[in-house]
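Undergrad: fold the stuff below for me.
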Amino acid sequence: KAIVPGGSSTANSSSSALGWEKPSVGKKKLYSIMQCSYSQEDRRTAKLRLRTGPTSRWRSYFSLDSTGTSTLEVASCPRDPASEDADIARVMPQIVNARSGAGGRIFSLGVQINRAEPPFSRTQVVVLVDRYVMINAVGHPIEVRQVGHDSVFTLRSEDAVPLWWGTGQQVLHMRLARYGWSWSGKFCVGTEGEFSIRLRNDFDNTVFFVLVHVMAKGPHQYVIFKGGEKFSPYRFENHTLHTFKIKQKSQSPCTVLLPYHSSAYAWDEPLMEETVCIEVLKNALQSQDEWGFVGSFSFKVLGQLELP
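TA: Presented below is the predicted three-dimensional model:
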């Protein structure tokens with residue numbers, strides 16, 4: 001058996017000899033190699049277990065005999081994570097405030113097992129990598145963090161950074177790493193697909209759209225962020241003399257749509273109900289605006305609405 005865990009030394013030509021191709025997206029991955037034999041020589045089987053440090057618990061064994069791709073999670077020591085946090089802060093400058101908290105940290109790993117190509121004989125290559133890798137293709141620096149935690153992942157343009165979880169719900173939010181930008185709504189990256197989110201700047205009231213593309217490739221789950229108005233999934237066009245207020249149901253942020261104007265749109269909270277509420281300005285000449293409720297609508301249902 002040849003164990004190839006993700007590490008911090010430069011990859012070399014031996015990776016191709018072992019039949020393992022480094023990911024082509026993002027920066028070059030670094031690795032180290034460990035060789036091992038059978039756990040039970042008479043049965044010619046092998047099992048492996050992992051832990052993050054001498055004070056953390058061993059994870060249960062997993063088999064090295066069958067080829068394929070799988071995932072596993074390894075928890076750090078919840079009682080005394082300080083030394084581990086210091087190591088992470090040293091090797092991962094992209095993480096601001098690397099404290100994992102009292103609950104420790106959870107490392108989600110991807111495992112890929114292949115048969116090595118010649119000249120190797122009867123050798124299984126076991127590759128251990130970070131399962132989640134975030135890639136910033138927005139064109140601006142961004143910040144990502146797990147909801148309810150203080151650690152912030154800072155990604156410069158074109159950066160590829162592994163995502164490590166804290167305890168609790170595995171839900172993220174993000175923002176542009178510039179003055180005035182608020183954290184986005186909550187979103188999950190556990191399944192493949194893509195969705196758009198809207199970012200808001202509280203200082204100048206501008207908005208920015210981000211497409212989150214979750215793509216599985218081998219043992220990796222890539223989370224790719226792309227930015228720009230072209231990634232807005234919807235567009236409102238006002239071809240009337242009325243002024244409308246548009247917002248997601250049960251959410252406070254809104255968009256004011258003036259007569260004969262248009263506006264790109266995406267959900268403020270991707271995990272909440274995807275229903276839009278529309279109000280119309282009744283009398284703009286009054287000292288205080290008075291809005292009338294038009295209705296709640298789902299983009300999944302097409303139809304026409306006539307204003308009274």
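Undergrad: could you use CA atoms for every contact and neighbour count after this?
TA: OK.
Undergrad: got phi/psi on the residue nearest to Trp267 when sequence neighbours are not counted?
TA: Closest residue to Trp267 apart from its sequence neighbours, by C-alpha to C-alpha, 6 or more residues apart in numbering: Ile197 at 5.8 Å. Main-chain dihedrals, Ile197, degrees, to the nearest 10: phi -130, psi 160.
Undergrad: how many residues are close by Ile197?
TA: Ile197 has 25 neighbours, counted by other C-alpha atoms under 10 Å.
Undergrad: any idea what it is bridged to?
TA: Bridge pairing for Ile197 (DSSP bridges) gives the partners Val210.
Undergrad: surely it and Gly185 touch.
TA: Yes: using C-alpha atoms under 8 Å, Ile197 is in contact with Gly185, at 7.4 Å.
Undergrad: distance of the residue nearest to Trp267 relative to Arg178?
TA: For Ile197, the distance to Arg178 (C-alpha to C-alpha, to the nearest Å) stands at 17 Å.
Undergrad: next: Tyr132.
TA: 25 Å.
Undergrad: residues contacting Arg115?
TA: Neighbouring residues of Arg115 by C-alpha atoms under 8 Å, 6 or more residues apart in numbering: Gly19, Thr67, Arg122, Thr123, Gln124, Val125.
Undergrad: quick check: mean pLDDT across stretch 204-213?
TA: The average of the pLDDT scores along stretch 204-213 is 93.
Undergrad: what's next to it, contact-wise?
TA: For stretch 204-213, contacts defined as C-alpha under 8 Å, 6+ apart pick out 138, 180, 192-201, 222-229, 231-232, 266.
Undergrad: can you say which of those are buried?
TA: Among the contacts of stretch 204-213, those buried by neighbour count (16 or more other C-alpha atoms under 10 Å) are 138, 195-201, 222-227, 229, 231-232, 266.
Undergrad: ok, back up a step: neighbour-wise, which of Tyr132 and Arg178 wins?
TA: Higher neighbour count among Tyr132 and Arg178: Tyr132, with 25 against 12, using other C-alpha under 10 Å.
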